[in-house]
Structures are given as structure tokens and as C-alpha cells.
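1. Here you go, sequence then predicted model.
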Amino acid sequence: MSRNSEPPHSRMGSSSGRGFHHLALALLLSSQIQCALSVIFPSTHSSYKFDYLRRSPRLDPINGEAKRTLSKRENPIPLIVTNNCGDTLWPGVATQDGEGPESSGFELASGETRNMTVGPTWAGRVWGRTNCTVSNETATCVTGDCFGLLECEYSGAVPVTLAEFNLAGGDTRRQTFYDISLVDGYNLPLGIVYHPAANTSNIPPNFVNAACIATPGYLMAPNRTGIAYTNSSFPMPYEDSQTNSGISNWCPWDLQAFIPDKPGDGIYPYPDDNVERPVFDPCKSACAASNSAADCCTGDYNDPNVCKRSEYSESAKVVCPDAYSFAYDDQTSTFIIPSGGGWEVVFCPAGRSTNILATYGTQLSALASGGVVTEEMRKLAMNVSYIESVPGSSAPPGHRVSGLALVVTIVVTGLLSL
Ligand SMILES: *[C@@H]1O[C@H](CO)[C@@H](O)[C@H](O)[C@H]1NC(C)=O
Ligand SMILES: *[C@@H]1O[C@H](CO)[C@@H](O)[C@H](O)[C@H]1NC(C)=O
Ligand SMILES: *[C@@H]1O[C@H](CO)[C@@H](O)[C@H](O)[C@H]1NC(C)=O
Ligand SMILES: *[C@@H]1O[C@H](CO)[C@@H](O)[C@H](O)[C@H]1NC(C)=O
Ligand SMILES: *[C@@H]1O[C@H](CO)[C@@H](O)[C@H](O)[C@H]1NC(C)=O
Ligand SMILES: *[C@@H]1O[C@H](CO)[C@@H](O)[C@H](O)[C@H]1NC(C)=O
Ligand SMILES: *[C@@H]1O[C@H](CO)[C@@H](O)[C@H](O)[C@H]1NC(C)=O
């Protein structure tokens, strides 16, 4: 494996055949054994911390010598949190490595932004807490609660949408790994906005500013492209099938954190899809709900060839194609870019869920391994016809399989009824 590690998760070009895809997948998976840098396990998973942070010693890539890492004072990296939701939020920040921000938990009114900084080797996560009752230094929250503290010392309670960062990842520690994770569930729409440094300002904004919006009321009208957190020169590729009225049902019924009452419950069966769900409808991940080895990829299932997508994961991937939905996701959920620049986490971002990795995964892989934005990449980033040539909504592989299973079932049923 090369010095600048290839991202273990990258989607092959959409034109590639299935056989090639499987071969490429096998190669990717074997390379993953050597550099398991970005498998996002749920926070309850025994190897969660280990896997997310594992990486090589701090070596200078030129002469192989150990290098001193800069401190936060020498090289502060912006970590900005913005609340674009209609209600007050209480963001939480958990630091797993490096120097954390000025605050690890605070109140943020609707429309407010809080500017903080972290050290250049920071690794950690940011999430939103809702419906908190705050007094003195305690905060008791309906979602995202961190053991009742206002300033969090540990991760938040599930279900939460997470923004995860490892600012100094990869073999050379000169790559930033980040993702939006639904592995611990979903509570709020979340977007990540890159604030480039002088030496990274040529990274196209539509390569990096990922968003996951799966709450009714926050979706822009369906469109293949848009300009939220980018501009008309670099149109953002969007998931284009979800609507504000349709998206409320994505969470499998039993995984809703607060299951609504069904009319006539217990007396006669009532179809779940006919029950109106609340707008704020946090969804537990399959792992968070069942804690089973099969859903959490633990024990015998701690293997990408064995641990499969659950109904939750399939559903989550449809509404948020750029987000992680289970530990061994479809090789399409981690963003890796050269280090430098800062990060903004936006709750309830404008626009729609992005479809960046399916569109520019190949270019992002090349950027991660080569470290430079080529003229060709920038051209493709500005090419609307190219964006429109990529499917705007993609059923994950499991859906295709169940589609096939459905056809088989219909055929078999048809034959039996003859
Ligand atoms: C916070 O950071 C943003 C983006 O870097 C900047 O535009 C804004 O002026 C900063 N706000 C404060 C209060 O420093
Ligand atoms: C809880 O928080 C959510 C998200 O901020 C909000 O939509 C909802 O109205 C709150 N519920 C109550 C009862 O305050
Ligand atoms: C607030 O909490 C701190 C630490 O728990 C405690 O020392 C302090 O006395 C409390 N203040 C009030 C006003 O309760
Ligand atoms: C949809 O995208 C097209 C092309 O990018 C743009 O011209 C149009 O204004 C967009 N529509 C909306 C509602 O944003
Ligand atoms: C769009 O943003 C890029 C950098 O992010 C900038 O170079 C370019 O001038 C912008 N284009 C327009 C039309 O604003
Ligand atoms: C940009 O500069 C920062 C600070 O000197 C450095 O850590 C980072 O590796 C540089 N990034 C690139 C892509 O050269
Ligand atoms: C834009 O992309 C389309 C489809 O991939 C391609 O046919 C076309 O040549 C590209 N245009 C430019 C200017 O690169």
C-alpha cells in the first residue's frame, strides 16, 4: 500500500460492471486489513475507539523521522458550530484525541454560531442535544444527553446524528478523515461545511460539504443540484427523490425513539404507514435498538463479509447517501482530504441530502492518494451534465437484491397458482 493511503471506502465508477465491482471490492477489503482507518463502529462497540483512531506512528514521509506535532496554540484549526434549526440546541463535543475545543457542550440558540478552535491532530465528534433542561452545570436532554452534564465528558446517548473528524489521519497524518454517521441513529439534520486554508482553497466545495437531511420541513424541492454551501460554479449533487411529505416514514416503525400511539392499538391491526408521525422523530439505529452482534458487527459479525445491512441501514442510505449507516457501510461513507482548513457543523442545513461520494468518489480517492486537486477534477466539479449523468437516488445493493427476491417470489407464486 502506498504512503498516502488509498481511502478504504471509495465507490468505483458507476460504469463498472458487477464482476469488476466485486473484484475491486475484494481488493479494497484486503487493503483495509492493512489500514483499517475509517470503519465507523457505533459508540457502544468494543473496538469503536480503537478502529477509528488506529494509525501509523508519526513519521516524516520524506526522511522517515518522527515529527513533532504542532500544538493548538501554534496551529489552531477552526471548529464552528451553527444552529440553523428553529429551536435552541445544546451541541456536544467529544474529544478522542488531540486538543479539544474551548467548550465540550453549550447552549446554542436558533440562528446562532459558535466559533471555537481545536488542535491540528484533534479527533472527535459533534452532535446536537435537544429539549434540554439546564441548571448550573447540568443538562438533562431528551436526545443526545451526555450523562446529565452541560459540558460533555463522553459521547451522547443514542439516537444521535454525528459529525466525526480525525484531522490527522492516514499513514502520514496529513489527511483529514470525516463523515456524517447514522451508526448511532438519527436525531437532527446535519451538514459539514469546509473552511479551506490558504493551501487547500482549490478543493471544490461540492467535493466536501456533505449534508444529511431526513426530517420533514427541511428539504429543498427535489433537484439534482443546488447551491447551498457552494455556488453556481460548483453545483452540489443532491439525492433527488425525497420530499418533505414523504420523508417522515424512512425510519422503520419499531426503531422510532418515541413511537406514536396507533389508533385502535391492541384491538385490530393498523398499518404503520397510516399513522402520522411527529416532525421531530428520532430514529434508533438497528444496533442501538437491538444491541445484537448481527446489527452491531460484533463477535462473529465483526467482519465486512459477514455483517450485512439491516433494514435501518438500507433506509438510512436512501435518505442520506453520503452518511454512514452501519459499521461496514457500502464503501461510500468516509471523506478523506489533505489536512489544513477548518470545519463547521451545521444543524438543520439548507438544501438537501448530498450525493457527493457516488458522484465524485473516484476524484476524492485520487485527491486522498495524490494530495492534489488536478485541473481535470475542478472541471468535472463544475460540469452539471456530469452530475446529472450520475443516478441522483440510489437504492443500496440490498434493495436491488430484495427487488430480485420479489420478482422471484412473484414468479414462484405465479407458478404455484397454475
Ligand atoms: C466566526 O467564524 C466565521 C467563519 O470563519 C466568521 O465569518 C465570523 O466572523 C466569526 N464570528 C466571530 C464572532 O468571531
Ligand atoms: C424537542 O426538540 C425538537 C428539536 O429541537 C423540537 O422540534 C421539539 O419541538 C421539542 N419538543 C418539545 C416538547 O419541546
Ligand atoms: C454549580 O455546580 C458546581 C459544581 O457542581 C458547584 O460547585 C456550585 O456550587 C454550583 N452552583 C450553584 C449555584 O448551585
Ligand atoms: C434546480 O437546479 C437547476 C440547475 O442547477 C437550477 O437552475 C434550478 O434553479 C434549481 N431549482 C431549484 C428549485 O433550486
Ligand atoms: C465559487 O466558489 C469558488 C471557491 O469556493 C470561487 O473560486 C468562485 O469564484 C465562486 N464562483 C462564483 C460564481 O461565485
Ligand atoms: C497546509 O498547511 C498546514 C499548516 O502548515 C499543513 O498542516 C497542511 O499539511 C498543509 N496542507 C497541504 C495540503 O499542503
Ligand atoms: C461534462 O460531462 C459530460 C458527461 O460526463 C461530458 O460528456 C462532457 O464532455 C463534459 N464537459 C466538459 C466541458 O468537460
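-> Received, thanks. Numbering: from 1, shown residues only. Ligands and ions are numbered 1, 2, ... in the order given.

2. Tell me, how many residues neighbour residue 379?
-> Residues within reach of residue 379, counting by other CB atoms under 10 Å, total 11. Placement of C-beta: from N, CA and C, glycine included.

3. Next: residue 260.
-> So residue 260, with other CB under 10 Å, has 14 neighbours.

4. and it, what is it in contact with?
-> By CB atoms under 8 Å, 6 or more residues apart in numbering, the residues touching residue 260 are 275-278.

5. per-residue confidence at residue 303?
-> You'll see residue 303 listed with a pLDDT of 88.

6. follow-up on the earlier one: just the ones of the contacts of residue 260 in helices?
-> Assignment to helices by DSSP state H places none of the contacts of residue 260 there.

7. ranges for the helices of this structure?
-> For the chain, the helices defined by DSSP H cover 18-34, 48-53, 205-208, 286-290, 293-296, 311-319, 356-370, 375-381, 384-389, 397-416.

8. shaky segments in the chain?
-> The chain contains residues with pLDDT under 70 at 1-40, 44-68, 263-273, 330-332, 394-418.

9. Distance of the residue most central in space within it relative to residue 76?
-> Taking CA atoms, centre = their mean, the centroid of the chain lies closest to residue 180, which sits 2.1 Å from it. Distance from residue 180 to residue 76, counting by CB to CB, to the nearest Å: 24 Å.

10. With residue 306 instead?
-> Distance, residue 306 to residue 76, by CB to CB: 43 Å.

11. neighbour-wise, which of those two wins?
-> The residue with more neighbours, out of residue 306 and residue 76, is residue 76; 17 against 13, by other CB under 10 Å.

12. Isn't residue 337 up against residue 204?
-> No - with contact defined as CB atoms under 8 Å, residue 337 does not count as touching residue 204 (10.6 Å).

13. Now the terminal residues of stretch 217-234, how far apart.
-> The straight-line separation of the ends of stretch 217-234 (CA to CA, to the nearest Å) is 25 Å.

14. And ligand 5, is it touching that?
-> Yes - using CB under 6 Å from any ligand atom, stretch 217-234 reaches ligand 5 at 231-234.

15. need these in a markdown table with distance to residue 292 and neighbour count, can you?
-> Below are those laid out as a markdown table (distance: CB to CB, whole Å; neighbours: other CB atoms under 10 Å):
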| residue | distance to residue 292 | neighbour count |
| --- | --- | --- |
| 231 | 45 | 11 |
| 232 | 47 | 10 |
| 233 | 47 | 12 |
| 234 | 42 | 18 |
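
16. would you list those in a markdown table and tack on distance to ligand 2?
-> Below are those laid out as a markdown table (distance: CB to the nearest ligand atom, whole Å):
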| residue | distance to ligand 2 |
| --- | --- |
| 231 | 29 |
| 232 | 32 |
| 233 | 34 |
| 234 | 31 |
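
17. and which of the residues you listed is nearest to residue 134?
-> Using CB to CB, residue 231 is the member of the residues of stretch 217-234 next to ligand 5 that lies nearest residue 134, at 38.0 Å.

18. Quick check: the closest one vs ligand 4, distance?
-> Using CB to the nearest ligand atom, to the nearest Å, residue 231 is found at 11 Å from ligand 4.

19. distance of that residue from residue 204?
-> 10 Å.

20. same deal with residue 380?
-> Distance check for residue 380 against residue 204: by CB to CB, it reads 9 Å.

21. Now the closest residue to ligand 5 within the stretch 51-200 of the chain: closest residue in space, sequence neighbours ignored.
-> Residue nearest to ligand 5 within the stretch 51-200 of the chain: residue 196 (7.5 Å; CB to the nearest ligand atom). Closest residue to residue 196 apart from its sequence neighbours, by CB to CB, 6 or more residues apart in numbering: residue 341 at 4.5 Å.

22. Report whether the expected contact of residue 351 with residue 223 is present.
-> No - proximity of residue 351 to residue 223 does not meet the contact threshold set by CB under 8 Å, at 9.3 Å.

23. Now the common contact residues for those two.
-> Residues touching both residue 351 and residue 223 (CB under 8 Å, 6+ apart): residue 238.

24. More neighbours: those two, which one.
-> Taking other CB under 10 Å, residue 351 and residue 223 do not tie; residue 351 has more neighbours (22 against 13).

25. Leaving out sequence neighbours, find the closest residue to the more buried one.
-> Excluding the flanking residues, the one nearest residue 351 by CB to CB, 6+ apart is residue 228, at 3.2 Å.

26. Contact partners for the one you found?
-> 211, 220, 236, 349-352.

27. So among these, which ones count as buried?
-> The neighbour-count test (16 or more other CB atoms under 10 Å) marks 211, 236, 349-352 as buried among the contacts of residue 228.

28. Enumerate the residues of this structure near ligand 5.
-> Residues of the chain lying near ligand 5 (CB under 6 Å from any ligand atom): 205, 231-234.

29. what's the most distant pair in those?
-> The most widely separated members of the residues of the chain next to ligand 5 are 205 and 232, with 11.3 Å between them, by CB to CB.

30. burial measure for the residue in the stretch 1-150 of the chain positioned nearest to ligand 1, as a count.
-> Residue nearest to ligand 1 within the stretch 1-150 of the chain (CB to the nearest ligand atom): residue 115, separated by 3.7 Å. Neighbourhood size, residue 115 [other CB under 10 Å]: 13.

31. Please apply the same query to residue 135.
-> Residue 135: 8 neighbours (other CB under 10 Å).

32. Show me what from the stretch 51-200 of the chain comes close to ligand 2.
-> Residues of the stretch 51-200 of the chain lying near ligand 2 by CB under 6 Å from any ligand atom: 85, 87, 130-131, 142.

33. which one of these is nearest ligand 6?
-> Among these, and counting by CB to the nearest ligand atom, the member closest to ligand 6 is residue 85, at 32.6 Å.

34. Quick check: chain neighbours aside, which residue is closest to residue 71?
-> In this structure, residue 71 finds its nearest non-sequential neighbour in residue 119, 6.2 Å apart by CB to CB, 6+ apart.

35. give me every residue that touches that neighbour.
-> Residue 119 neighbours (CB under 8 Å, 6+ apart): 70-72, 75-77, 98-100, 167.

36. Also residue 215?
-> 188-189, 247, 279-281, 348.

37. Distance of residue 113 relative to residue 193?
-> Taking CB to CB, one finds residue 113 at 11 Å from residue 193.

38. Cheers, nothing more for now.
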